[in-house]
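A.B. asks: need a 3D model of the sequence below.
(one chain, ligands or ions: 1)
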Amino acid sequence: MATHTVTLSSDTDWPGFRGEARALLARQVPPEDVVWHTRASAESDLFAALETPRAQGVGSASAIVPPAFVRLCETVVLHDDPDRFGLLYRLLWRLVHEPTLRRDPLDADRVRAHHMAQAVRRDMHKMKAFVRFRPLPQDDGEPTLHVAWFEPDHHIVEAVAPFFVRRFATMRWAILTPERSVQWHPGAAADAEGGEALPTEGRLDFGPGARREDAPPADAGEALWLTYYRHIFNPARLKLAMMQKEMPRRYWQNLPEAVLIAPLAADAAARSERMVEAPATVPARRIVPIARPLLADEDSSADPATALAQLRRATDRCRECPIGAHATQSVFGEGPVGAALMVVGEQPGDQEDLRGRPFVGPAGQLFDRALHDLGWSREALYVTNAVKHFKYELRGKRRIHKTPTQQEAQACLHWLESEMAQVRPQAVLALGATAARAVLGRPVAVMRERGQWQTGPRGEPVLVTLHPSALLRGDPQQRDEAYAAWLEDLSKATQVVRAEAGETAAR
Ligand code: URA
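C.D. replies: Numbers count the residues shown, from 1 in each chain. This next block holds a predicted model:
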């Protein structure tokens, strides 16, 4: 028969257990000689009267246990099993007397304690997830008290309360459970006795258990929550078994959304089918487009230089396609209003993006060399791109050029059209397929149509040739030859570049 009876002050009296266990260990009292009670259980236990005097002042054992064991004890103490203190003391005793225990993770006592700790942690997690507060307006002019009802499996209210303090630091709230209640008074002075240090200013009061009826009924805010829940419920992703595992039925009574689960689940298969059969919806644009600027034949009161400056600023804000959001800035065209030849490239590259000017990187340098070889002056040209922002892909720290999609080029087209309307060039030189398609309004096979004058949608002469990047990427053995052929293409526009104002473009 047990010779020692210990009564702890509460179900969660971890400091009391620790003190008593140390003292018992110091007196070499084996676990089978000890009966553990808590104040609540002692009241209904006839033998509690034979209680051993509390072990205050008794020398502590010098046993050193791993910190993980202390953490395990702190959690297991919260379990509902009346035998938990006995189990923990037995483990402590065995840790001291059986050195092999530390190396035996499959030991039955260890396994049982770990299962108990797991159950406590799961219960704490559920409490954090499934507590739902309902407002209870106060008559006394005090701020509204938010009250929740919850039925934990274990003695976890004290342990979880600091979580709710952090979460709802400025709200007055109370959580009622059958065994314990807790109330948070934000901003109130903490008890002189101290207790656990809280993450924010206020006072936590713990009290006795309550009844479900003490918590307020559903409120208007709940109706809004239900509407939201109904809308986010995705029938195609419904996994009932998993859902019930995560949100066991016994918690449903406290969850307002639980009333929706059965009807939504019942309709899930049919609703998924309706969704599959429904026509695709047009995805919402990420960013509201900026108003389209005026085109050539529309009336504009601004003079061309001012209009171009406005366009330049507007392209910088353009988010009609996703490219702009990742670029440093837009790269607008540059050159004189009324330039005889407008040169259109594809899109700015890395250097252009950083400097905000077209054709200043490697492709621009090759283009400048061609201008020099042709005897053209860049200042006389208007140089721009079909797409105004740099599209790239990050590889490590490098930004690698990515060809814009047809949709992206199309989204950008109105900027080019507006630019052309203000510059009014006599002819256009399109470098590469993206530029040619933007200017001619149709897909262009550059190798087939290169070096020939085409006619744009407004009747403007358009000369198509390769983009300088294509020459840079080409076979180095054939670079000279490719460059000469390219110059030959470009030279077809020489007459335009040199044209006097009012002279008709060459055909
Ligand atoms: N490539 C282009 O098409 N345009 C530039 O501005 C730079 C490189």
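A.B. asks: give me the number of residues near Pro476?
C.D. replies: 8 (other Cβ atoms under 10 Å). No exception for glycine: its C-beta is placed from N, CA and C like everyone else's.
A.B. asks: what about it, distance to the ligand?
C.D. replies: Distance of Pro476 to the ligand, given as Cβ to the nearest ligand atom, to the nearest Å: 20 Å.
A.B. asks: distance of that residue from Phe85?
C.D. replies: 82 Å (Cβ to Cβ, to the nearest Å).
A.B. asks: also Leu145?
C.D. replies: Distance from Leu145 to Phe85, by Cβ to Cβ: 36 Å.
A.B. asks: so for the two, which residue has more residues nearby?
C.D. replies: It is Phe85, of Leu145 and Phe85, that has more neighbours when counted by other Cβ under 10 Å, with 25 against 19.
A.B. asks: tell me which residues in stretch 114-132 are buried?
C.D. replies: Neighbour-count burial for stretch 114-132 flags Met116, Ala117, Ala119, Val120, Asp123, Met124, Lys126, Met127, Phe130, Val131, Arg132 (criterion: 16 or more other Cβ atoms under 10 Å).
A.B. asks: contacting residues for the fourth one?
C.D. replies: Spelled out, that is Val120. Residues in contact with Val120 (Cβ atoms under 8 Å, 6 or more residues apart in numbering) are Thr75, Val76, Leu78, His79, His154, Ile156.
A.B. asks: hang on, His146 is in a helix, isn't it?
C.D. replies: No. Read with DSSP: H, G, I helix; E, B strand; the rest coil, His146 is strand and lies in no helix.
A.B. asks: bridged to it, which residues?
C.D. replies: Assessed by DSSP bridges, His146 has beta-bridge partners Pro135, Trp173.
A.B. asks: any idea how many residues pack against it?
C.D. replies: So His146, with other Cβ under 10 Å, has 18 neighbours.
A.B. asks: okay, now the domains of this structure?
C.D. replies: Listed domain ranges for the chain are 4-125, 131-214, 220-277, 304-506 (source: automatic domain parsing).
A.B. asks: make TSV from the ones you listed and add mean pLDDT to it.
C.D. replies: Listed next are the domains of the chain as TSV, based on pLDDT from 0 to 100:
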stretch	mean pLDDT
domain 4-125	85
domain 131-214	86
domain 220-277	79
domain 304-506	93
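A.B. asks: which parts of the stretch 351-500 of the chain are helices?
C.D. replies: In the stretch 351-500 of the chain, helices defined by DSSP state H, counting those that start in this stretch lie at 362-374, 406-423, 433-440, 446-449, 468-473, 479-491, 494-498, listed in chain order.
A.B. asks: between the ones you listed, which one is nearest to His185?
C.D. replies: Among the helices of the stretch 351-500 of the chain, helix 406-423 comes nearest to His185, with 56.4 Å by Cβ to Cβ.
A.B. asks: name the surrounding residues that touch that closest one.
C.D. replies: With Cβ under 8 Å, 6+ apart, helix 406-423 has contacts from 292-297, 304, 307-308, 311, 314-315, 318, 320-323, 332-333, 335, 337-339, 342, 344, 382, 384-389, 391, 404, 428, 434, 437-439, 460.
A.B. asks: now it - C-alpha only, PDB.
C.D. replies: Extracted in PDB, the C-alpha atoms of helix 406-423 (Å, rounded to 0.1, in the frame of the first residue of the first chain):
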ATOM      1  CA  GLN A 406       2.000  38.900 -78.400                       C
ATOM      2  CA  GLN A 407      -0.600  40.100 -75.800                       C
ATOM      3  CA  GLU A 408       2.000  42.200 -74.000                       C
ATOM      4  CA  ALA A 409       3.100  43.800 -77.300                       C
ATOM      5  CA  GLN A 410      -0.500  44.400 -78.200                       C
ATOM      6  CA  ALA A 411      -1.200  46.000 -74.800                       C
ATOM      7  CA  CYS A 412       1.700  48.400 -75.500                       C
ATOM      8  CA  LEU A 413       0.700  49.200 -79.100                       C
ATOM      9  CA  HIS A 414      -1.300  52.300 -78.400                       C
ATOM     10  CA  TRP A 415       1.700  54.000 -76.900                       C
ATOM     11  CA  LEU A 416       3.700  53.400 -80.100                       C
ATOM     12  CA  GLU A 417       0.700  54.600 -82.200                       C
ATOM     13  CA  SER A 418       0.400  57.800 -80.100                       C
ATOM     14  CA  GLU A 419       4.100  58.400 -80.500                       C
ATOM     15  CA  MET A 420       3.900  58.000 -84.200                       C
ATOM     16  CA  ALA A 421       1.000  60.400 -84.300                       C
ATOM     17  CA  GLN A 422       3.000  63.000 -82.600                       C
ATOM     18  CA  VAL A 423       6.300  62.500 -84.400                       C
END
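A.B. asks: can you list the buried residues in the helix or strand hosting Arg166?
C.D. replies: Take DSSP states H and E as the rule and Arg166 turns out to sit in helix 157-167. Of all the residues in helix 157-167, those buried under the rule 16+ other Cβ under 10 Å are Val157, Glu158, Ala159, Val160, Ala161, Pro162, Phe164, Val165.
A.B. asks: a helix runs through Ile175, doesn't it?
C.D. replies: No. When classified by three-state DSSP, Ile175 is found to be strand rather than part of a helix.
A.B. asks: ok, now which ones touch it?
C.D. replies: Val131, Val147, Ala148, Trp149, Phe150, Val157, Ala161, Phe164, Ser181, Val182.
A.B. asks: nearest to Thr455, of those residues?
C.D. replies: Val131 (72.4 Å).
A.B. asks: and Ala280, how far is that from Ala270?
C.D. replies: Per Cβ to Cβ, Ala280 is found 20 Å from Ala270.
A.B. asks: hang on, the earlier thing: turn the buried residues of stretch 114-132 into a markdown table, columns for distance to the ligand and secondary structure.
C.D. replies: Formatted as a markdown table, those follow (distance: Cβ to the nearest ligand atom, whole Å; DSSP: H, G, I helix; E, B strand; the rest coil):
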| residue | distance to the ligand | secondary structure |
| --- | --- | --- |
| Met116 | 67 | helix |
| Ala117 | 63 | helix |
| Ala119 | 64 | helix |
| Val120 | 63 | helix |
| Asp123 | 62 | helix |
| Met124 | 59 | helix |
| Lys126 | 59 | helix |
| Met127 | 60 | helix |
| Phe130 | 58 | helix |
| Val131 | 58 | coil |
| Arg132 | 58 | coil |
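A.B. asks: how about the residues you listed in a markdown table, adding distance to Arg102?
C.D. replies: Listed next are those as a markdown table, based on distance: Cβ to Cβ, whole Å:
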| residue | distance to Arg102 |
| --- | --- |
| Met116 | 19 |
| Ala117 | 17 |
| Ala119 | 23 |
| Val120 | 22 |
| Asp123 | 28 |
| Met124 | 27 |
| Lys126 | 32 |
| Met127 | 32 |
| Phe130 | 37 |
| Val131 | 38 |
| Arg132 | 43 |
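A.B. asks: now do the end-to-end distance for stretch 22-31.
C.D. replies: End-to-end distance for stretch 22-31, by Cα to Cα, to the nearest Å: 12 Å.
A.B. asks: quick check: the gap between His154 and Arg211.
C.D. replies: 20 Å.
A.B. asks: on that earlier part again, quickly check the contacts of Val120 for the two that are furthest apart.
C.D. replies: Val76 and Ile156 (12.0 Å).
A.B. asks: list the beta-bridge partners for the residue of the chain found nearest the ligand.
C.D. replies: The chain approaches the ligand most closely through Gly345 (2.8 Å), counting by Cβ to the nearest ligand atom. Under DSSP bridges, the beta-bridge partners of Gly345 are Asn385.
A.B. asks: do I have it right that it meets Pro358?
C.D. replies: Yes. Gly345 is within contact range of Pro358, at 6.5 Å (criterion: Cβ atoms under 8 Å).
A.B. asks: show me whatever sits in contact with both of these two.
C.D. replies: Val383, Thr384, Asn385.
A.B. asks: can you lay out those residues as CSV showing distance to the ligand and neighbour count?
C.D. replies: Output for these, formatted as CSV (distance: Cβ to the nearest ligand atom, whole Å; neighbours: other Cβ atoms under 10 Å):
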residue, distance to the ligand, neighbour count
Val383, 8, 23
Thr384, 8, 25
Asn385, 5, 30
